[in-house]
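Colleague: Starting from these lines, generate the structure:
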Amino acid sequence: MALAQQTTFTKFVEVCKALESTTKRTEKVAYLVSFLRTLSSEEIVSAVSFLTGRPFPESDERVLDVGGQTLWKLNRISGQTTLIPKPVTILEIYDTFDKIAKATGSGSRQRKEMLVNALLSRLPIADAEFLMRIIFGEMRIGAVDGVVVDAIASATSINEDLVRRAYMLLGDLTQVARLALTSGLEAVKNVQVTVFAPIKPMLAEMAHDLQEVFEEHRGATAFEFKYDGARIQIHRKSDQVRIFSRRLTDVTESLPDMVELGRHRINSTEFLVEGEAVAIGEGQKPLPFQDLMRRFRRLHDINVMKKEIPLKLHIFDIVYWNGKTLIDTPYEERWNILRTLVGPDLIATRIVTGDQHEAERFMKAAIEAGHEGLMAKELRSTYTPGVRGKKWFKIKPAETLDLVIIAADWGSGRRRGWLSNYHLAVRDQATGEYLVVGKTFKGLTDDEFTQITKRLLELKTGETDWTVFVKPSIIVEVAHNEIQRSPHYKSGFALRFARITRFRSDKQPEDADTLQRLQQLYEKQFRYKASINP
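Modeller: Here you go, the predicted structure:
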């Protein structure tokens with residue numbers, strides 16, 4: 001039997017150019033539908049990964065680790081193709097990416113360069129440009145996850161809500177596409193929470209005040225401490241326990257203490273629970289978030305780090321238990337299940353109240369305990385993986401945004417030699433583009449200036465005399481006093497008195513706050529100010 005014709009990378013680039021040429025969602029979906037229907041089953045994973053600007057699937061832990069300076073050099077010499085007539089296929093590129101990711105140890109940098117350059121030498125200039133975009137995660141063709149979900153649904157005639165639900169439960173768009181395109185409706189309908197397959201976490205809206213929460217939740221609601229830690233999922237089946245981070249990365253090896261708690265302190269042998277791991281210092285007070293992240297990145301001398309930075313676990317939800325998916329079960333019922341399985345020292349601190357004064361006292365207690373504020377959860381709310389909504393609110397004393405650094409200016413005076421004025425961006429949900437909303441150098445120590453300068457230079461994609469442009473990779477939490485309209489930025493907004501409060505290495509660029517959310521916060525802020533200054 002003859003093998004199916006493989007899709008060339010040039011064909012893939014033609015689709016990318018078509019997507020880039022229009023801002024209309026319906027047209028983008030139509031282009032994607034036509035392309036998805038041409039793919040063989042073996043090509044679906046790589047093609048969908050590339051379309052969404054990822055070398056590998058979202059749940060895949062492989063990384064290319066090709067430095068920005070390397071690609072900057074290769075980019076300047078690319079475009080000189082060889083005379084080899086055989087076209088490059090998307091599967092060849094995916095296979096080469098795998099080889100690049102596996103290149104480690106002495107001489108690995110040179111091997112990575114050789115592999116990338118070998119691909120570039122076989123590609124026309126236009127194709128080489130899109131290869132670089134994939135490597136840098138900068139496709140920016142409008143094939144955002146929501147558009148691809150719509151395209152998968154249209155290409156297979158499967159209801160969009162079912163496709164979206166499968167995506168949230170599997171946490172990997174490539175697997176949803178493969179399932180829908182090869183196995184059809186029944187396979188998509190039957191997707192459930194599965195132990196050891198991390199799901200996208202449910203997200204919360206920011207509330208300006210407690211009154212907004214009570215109005216939205218129509219009375220009594222559950223308030224939990226919003227811990228200054230890192231969100232984790234604990235999965236167990238029989239004696240096997242695995243831990244996943246907020247980014248769905250397997251961090252089991254780095255957190256053996258959390259594994260032991262999952263194995264010995266939760267009264268069940270099959271579950272998926274969510275909690276917050278908090279680094280604890282003197283007097284049982286939380287340590288800064290950056291200290292906590294040292295635990296998540298550590299792969300060696302784990303026992304030493306356990307003693308240096310001990311963790312405390314606060315479990316706040318259960319979404320799977322003894323073979324049953326609980327995402328459609330109301331929050332209060334999930335909490336009651338959790339209380340039967342977890343002791344009071346491990347469960348999140350919580351009250352249920354409709355009294356604003358009581359909630360204010362609880363907020364004060366959370367802040368005095370060293371935590372960020374409160375979470376407010378509607379008692380009847382179901383668990384919606386990956387979705388941000390008003391079923392859950394987060395309430396903090398100060399407003400913050402999670403922004404992406406997309407460029408940085410060289411400092412002057414005392415900051416000379418550091419990249420120390422950071423261009424902060426939100427993500428446009430409609431296009432995937434990162435749009436600047438301000439610049440700041442405030443909030444960092446000298447050591448942090450040094451470390452971030454080194455990291456930004458590794459991510460460099462271009463530069464002028466004063467500015468280094470970087471791959472969107474570093475997420476920072478930014479406090480600000482006000483959101484203002486701005487004619488100077490393409491986003492249309494600027495932050496007043498922006499200052500970096502911490503790095504969010506637990507988040508990916510696509511987790512950054514969106515332009516659409518910034519618009520909503522601006523409008524809420526205006527209404528809020530009007531209410532206190534009639």
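
Colleague: Quick one: name whatever helix or strand follows the worst-scoring helix or strand of the chain on mean pLDDT.
Modeller: Across the helices and strands of the chain, mean confidence by mean pLDDT, DSSP states H and E is lowest for helix 68-77: a mean of 52. Downstream of helix 68-77, the first helix or strand assigned by DSSP states H and E is helix 90-102.

Colleague: hey, where'd the helices end up in the stretch 101-250 of the chain?
Modeller: Here the stretch 101-250 of the chain has its helices, by DSSP state H, counting those that start in this stretch, at 108-120, 125-136, 145-156, 160-170, 173-183, 185-189, 210-217.

Colleague: Now tabulate these in a markdown table and tack on mean pLDDT, distance to Arg415 and mean neighbour count.
Modeller: Backbone N, C-alpha and C define where each C-beta goes, glycine included. Formatted as a markdown table, the helices of the stretch 101-250 of the chain follow (pLDDT from 0 to 100; distance: least, Cβ to Cβ, whole Å; neighbours: other Cβ atoms under 10 Å):
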| stretch | mean pLDDT | distance to Arg415 | mean neighbour count |
| --- | --- | --- | --- |
| helix 108-120 | 89 | 30 | 16 |
| helix 125-136 | 88 | 27 | 19 |
| helix 145-156 | 95 | 38 | 21 |
| helix 160-170 | 92 | 43 | 21 |
| helix 173-183 | 96 | 41 | 22 |
| helix 185-189 | 95 | 53 | 14 |
| helix 210-217 | 93 | 40 | 18 |
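
Colleague: Indicate which one of the ones you listed is closest to Thr461.
Modeller: helix 125-136 (6.1 Å; Cβ to Cβ).

Colleague: ok, residues contacting that closest one?
Modeller: 9-10, 12-13, 16-17, 50, 53-55, 64, 66, 68, 71, 75, 78-79, 88, 93, 116, 119-120, 123, 139-140, 461, 471 (Cβ atoms under 8 Å, 6 or more residues apart in numbering).

Colleague: Alpha carbons only: can I get it in PDB?
Modeller: This file holds the C-alpha atoms of helix 125-136, laid out as PDB (Å, rounded to 0.1, in the frame of the first residue of the first chain):
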ATOM      1  CA  ILE A 125      13.300  32.600   3.100                       C
ATOM      2  CA  ALA A 126       9.500  32.900   3.700                       C
ATOM      3  CA  ASP A 127       9.400  29.400   5.200                       C
ATOM      4  CA  ALA A 128      12.600  30.000   7.300                       C
ATOM      5  CA  GLU A 129      10.800  33.000   8.800                       C
ATOM      6  CA  PHE A 130       7.900  30.900  10.000                       C
ATOM      7  CA  LEU A 131      10.300  28.200  11.300                       C
ATOM      8  CA  MET A 132      11.900  30.900  13.500                       C
ATOM      9  CA  ARG A 133       8.500  32.100  14.600                       C
ATOM     10  CA  ILE A 134       7.600  28.600  15.800                       C
ATOM     11  CA  ILE A 135      11.000  28.200  17.600                       C
ATOM     12  CA  PHE A 136      10.400  31.600  19.300                       C
END
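
Colleague: angle of that helix against helix 108-120?
Modeller: 150 degrees (axes from the mean of the first three to the mean of the last three Cα atoms, to 10 degrees).

Colleague: next one: helix 125-136 to chain centre, how far?
Modeller: Between the centre of helix 125-136 and the centre of its chain there are 23 Å (Cα atoms, centre = their mean, to the nearest Å).

Colleague: what do you get for stretch 158-178?
Modeller: The answer for stretch 158-178 is 17 Å, by Cα atoms, centre = their mean.

Colleague: any idea how far Asn322 is from Gln508?
Modeller: 32 Å (Cβ to Cβ, to the nearest Å).

Colleague: quick one, which of the two is more surrounded?
Modeller: Neighbours were counted for Gln508 and for Asn322 using other Cβ atoms under 10 Å; Gln508 has more, 19 against 9.

Colleague: list the contacts for the more buried one?
Modeller: Arg247, Ile475.

Colleague: Same check on Arg25?
Modeller: Val147, Asp150, Ala430.

Colleague: what about it, distance to Gln516?
Modeller: 14 Å.

Colleague: Overlap in contacts, the two.
Modeller: In contact with both Arg25 and Gln516: Ala430, using Cβ under 8 Å, 6+ apart.

Colleague: helices or strands up against the helix or strand encompassing Ala47?
Modeller: Assigned by DSSP H and E, Ala47 belongs to helix 44-51. Using 3 or more Cβ pairs under 8 Å, 6 or more residues apart in numbering; DSSP states H and E as the contact criterion, the elements in contact with helix 44-51 are helix 9-20, helix 25-36, helix 90-102, helix 173-183.
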